[in-house]
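Student: Quick one, what's the 3D model for this:
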Amino acid sequence: MKSGALRASTVKAALPTRGSGRASCLSRHRTTEGAGTAALRPRGGASAALSLRKARHVAVVKTWAKANKAEPQADAVTDADWEEKVLKSELPVLVDFWAPWCGPCRMIAPLVDELAEEYKGKLLAVKLNTDESPAVATEYGIRSIPTVMIFKNGKKMDTVIGAVPKQTLAQTIDKYVDE
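Tutor: Got it, this is the predicted structure:
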């Protein structure tokens, strides 16, 4: 191999585009035309790669849910029915503040559903989409998602911020659930 010639492996480079704040991906491939020559070609950009990853993730989750016959156990709540479902509930309420675009939110969603099933009759689990119901999220100072709050007798008792293990959520719930 001549000195300065490209290796046969693919090299990816992120190049910023003007004003968009995004990067587009280009691949540098060694061509067969001669030693050391290379061609740049677009590979669909970063957004295409992200869309492909999202599609794969959704397909995997749907396949798992069908195989395990998993149905969401946590009920949805909005600004309109917040007071009725959460503040006036006889049971302690676990509220998952989430958004569809949030990866960590999607990671803990199955955990919240599992906990809803495990604590059925002792705890009510609900999910509030912060994009669709921003008033409640603002009222409780939600600045980062996922955030899980426990309410009992209409009062906020505890808060867990971030994607945490199921064990952490279970320990928090156990403090407020009547046996």
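Student: When you work out contacts or count neighbours from here on, use the C-alpha atoms and nothing else.
Tutor: Noted.
Student: residue boundaries of the helices in this structure?
Tutor: Applying DSSP state H to the chain gives helices spanning 45-67, 82, 103-118, 134-139, 166-174.
Student: which one of the ones you listed has the lowest average pLDDT?
Tutor: Between the helices of the chain, the lowest average pLDDT goes to helix 45-67, which shows a mean of 50.
Student: which ones are touching Val95?
Tutor: Contacts for Val95 were tallied using CA atoms under 8 Å, 6 or more residues apart in numbering; they are 125-128, 148-151.
Student: Swap in 10 Å and give it another go.
Tutor: Remark: with contacts taken as CA atoms under 10 Å, 6 or more residues apart in numbering, Val95 is in contact with 74-77, 86, 112, 124-128, 147-151, 159.
Student: same question, Ile161
Tutor: Listed by CA under 10 Å, 6+ apart, the contact partners of Ile161 are 96-97, 142-149.
Student: Which of those are buried? Put it as a PyMOL command.
Tutor: In PyMOL, the members of the contacts of Ile161 classed as buried (16 or more other CA atoms under 10 Å) are selected with the following command:
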select buried, resi 96+97+142+145+146+147+148+149
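Student: would you turn the contacts of Ile161 into JSON lines with distance to Thr168?
Tutor: JSON lines is the format used below for the contacts of Ile161 (distance: CA to CA, whole Å):
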{"residue": "Asp96", "distance to Thr168": "14"}
{"residue": "Phe97", "distance to Thr168": "17"}
{"residue": "Ile142", "distance to Thr168": "19"}
{"residue": "Arg143", "distance to Thr168": "20"}
{"residue": "Ser144", "distance to Thr168": "18"}
{"residue": "Ile145", "distance to Thr168": "16"}
{"residue": "Pro146", "distance to Thr168": "14"}
{"residue": "Thr147", "distance to Thr168": "13"}
{"residue": "Val148", "distance to Thr168": "11"}
{"residue": "Met149", "distance to Thr168": "13"}
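Student: What about the contacts of Ile161, which are in strands?
Tutor: Of the contacts of Ile161, the ones assigned to strands by DSSP state E are 96-97, 147-149.
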